[in-house]
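>>> below are the sequence and a predicted model for it; my questions follow.
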Amino acid sequence: MRFELMYESFFKIIEGIPLTLQVVSISTVLGLALAIIVALMRISGKKSMSIPAYYFVYLIRGTPLLLQLYFVYYGLGQFSFIRESILWPILKEPYWCGIITLTISTGAYSSEIIRGGILSVSKNFIEASGALGLNKIKTFLLITLPITVRQALPAYGNELILMVKASSLISIITLMEITGIARTIISKTYAPVEIFLVAGSIYLIINFIIVLAVGLAERKLGTVRAN
Amino acid sequence: MFEVFSFGSSGWGDEMLMGALMTVLVSASSLLLGILIGIIFAACKLSNIFILKIVANTYTTIIRGIPELLVIYLLFFGGSSAVMYIAKIFGYDGYIELNAFTIGTIAVGAISGAYSTEVIRGAVNSVHKGQFEAGKTLGLNGYGLYGRVIFPQVARIALPGIGNVWQITLKDTALISVTGLVEIMRQSRIAAGSTHEPFIFYTAAIILYLVITRLSNILFDKAENTYSKGFVSKGAL
């Protein structure tokens, strides 16, 4: 063990934390919006809505994230009409390609969590709400949504951890976040175990904080009776 | 547009299919290694020995909380020296280099093992205590009890979970392309680079992954049906 190296590399690697957190939080927020749209499309009951949503989720969940990242970063840039479009300033940046890919990915996975949450809301609640004279939109906002949030929270906490882990892939398209810096130091110093311990501990701490925060939120929101 | 996928030396069709075969091979060997690790660590978690529990819990927490890519870098850069270090203890003092397939299998197997551990632990827990007691009453122990009575029940309950682990493992093997193993991901990168047609080759890679996923879903469904013989399916209730 080279403890001095571990100490030195710790201060280099923590410089990657802001980029990791930034990419994760931007794509989580955008991805959540996408997930709600996809989930509502899937349970809409209209085939023209639910079938595209089903295949979108199937496509994203059936392919590796790295491939999706390559597809967005290298694949789309092949076409001149994309290179000439107004989107090109965004699509040529690895930073935005990373955020787009992570957004699409978490959007697909979370839509299943949200769909499960919405479907878990008992029909009795909806009927009771109708009996009290609430219309469809009010029922969704005041009854379905709060229960969905509570029911989906534990699974969504897992998804957040998966997002932190997934963000390490953007180091492959040259972004210097935690894993990117760690890899650079490993190939310079050839001390894989030491650097792994340092970078790994940073990820564990971030994920541990997420677990604590989600647990706190779960307790704060209380439990929902199933029926 | 499709002539790039022709077979033989002029196209990439056969190379892409070989890449798909390599993905299936490395995923299958990682899954098997993972199940083996899963059985061992599930046994540790279910044992009453404190230190074994801690070791198993540390392993699953680390693997599930740290990016897969870091684990792969650890083994890619440190795998050979670790093996040489162990070989030295046993008196072998030569240079050992692990090939990309072995490193990939160990790395993805270690990741897959953490998920398998939880699946197997859950499955063993869900076997009714009476089954153990009845087995013992009948005078069974060791293989008779675990191999003939408990394992078939655990296998049935664990199969859907192992199916999920398989999907995760299959997708994780894309990451070992960074170590140079020529599977779907690496092959499509090479082809995309040399033909300047990244869009077509990454689309082909997406289709290959979806085909493998679909086929393995069918196989797992069949296996589930085989192991569930004699049980009433949920739909029938």
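Yep, it's here.
>>> so for the helix or strand hosting B:Asp221, mean pLDDT?
Assignment of secondary structure by DSSP states H and E places B:Asp221 within helix B:198-227. If you average the pLDDT over helix B:198-227, you get 92.
>>> in terms of secondary structure, what does the longest helix anywhere in chain B contact?
Ranked by residue count and defined by DSSP state H, the top helix of chain B is helix B:13-46. Counting contacts by 3 or more CB pairs under 8 Å, 6 or more residues apart in numbering or on different chains; DSSP states H and E, helix B:13-46 packs against helix B:50-65, helix B:100-126, helix B:151-172, helix B:184-195, helix B:198-227. For glycine as for every other residue, the C-beta is placed from the backbone atoms N, C-alpha and C.
>>> hey, which helix or strand in chain A has the poorest pLDDT?
Of all regular secondary-structure elements in chain A, judged by mean pLDDT, DSSP states H and E, the least confident is helix A:80-83 with a mean of 82.
>>> what are the contacting residues of it?
Contact with helix A:80-83 is made by A:Leu76, A:Gly77, A:Trp88, A:Leu91, A:Lys92, as judged by CB atoms under 8 Å, 6 or more residues apart in numbering or on different chains.
>>> could you do stretch A:118-138 as well?
Contact with stretch A:118-138 is made by A:Ala39, A:Ile43, A:Thr139, A:Leu142, A:Ile143, A:Thr144, A:Ile147, A:Thr148, A:Gln151, A:Ala226, A:Asn227, as judged by CB under 8 Å, 6+ apart.
>>> give me the buried positions along that stretch.
A:Ile118, A:Val121, A:Phe125, A:Ile126, A:Ser129, A:Leu134 (16 or more other CB atoms under 10 Å in any protein chain shown).
>>> could you point out the longest helix in chain A?
Identified as the longest helix of chain A according to DSSP H is helix A:192-221.
>>> state the mean pLDDT of that one.
The average pLDDT for helix A:192-221 rounds to 93.
>>> does chain B have contacts with that helix?
Yes. Using CB under 8 Å from any CB of the partner chain, helix A:192-221 reaches chain B at A:Pro192, A:Val193, A:Phe196, A:Ala199, A:Gly200, A:Tyr203, A:Leu204, A:Asn207, A:Phe208.
>>> buried residues in that helix, which are they?
A:192-203, A:206-207, A:210, A:214.
>>> now that helix against helix B:50-65, angle please.
Inter-element angle recorded for helix A:192-221 and helix B:50-65: 90 degrees (by axes from the mean of the first three to the mean of the last three CA atoms, to 10 degrees).
>>> shaky segments in chain A?
Low-confidence segments of chain A, defined by pLDDT under 70: A:224-227.
>>> for it, what spans make up the helices?
Going by DSSP H, chain A shows helices at A:3-13, A:17-42, A:47-61, A:65-70, A:80-83, A:88-91, A:94-119, A:123-131, A:136-139, A:145-166, A:178-189, A:192-221.
>>> check contacts around A:Ile100.
A:Ile100 sits next to A:Val72, A:Ile90, A:Leu91 when contact means CB under 8 Å, 6+ apart.
>>> among the buried residues of stretch A:118-138, which two are most distant?
Across the buried residues of stretch A:118-138, no pair lies farther apart than A:Ile118 and A:Leu134, at 16.6 Å, counting by CB to CB.
>>> which residue is nearest the middle of chain B?
By CA atoms, centre = their mean, chain B has its centre lying nearest to B:Leu31, at 2.2 Å.
>>> any figure for the gap between that residue and chain A?
Distance, B:Leu31 to chain A, by CB to the nearest CB, to the nearest Å: 15 Å.
>>> just give the nearest non-adjacent residue to that residue, would you?
Excluding the flanking residues, the one nearest B:Leu31 by CB to CB, 6 or more residues apart in numbering or on different chains is B:Thr169, at 5.1 Å.
>>> surely that neighbour and B:Ser112 touch.
Yes. Counting by CB atoms under 8 Å, B:Thr169 does reach B:Ser112; the two are 4.4 Å apart.
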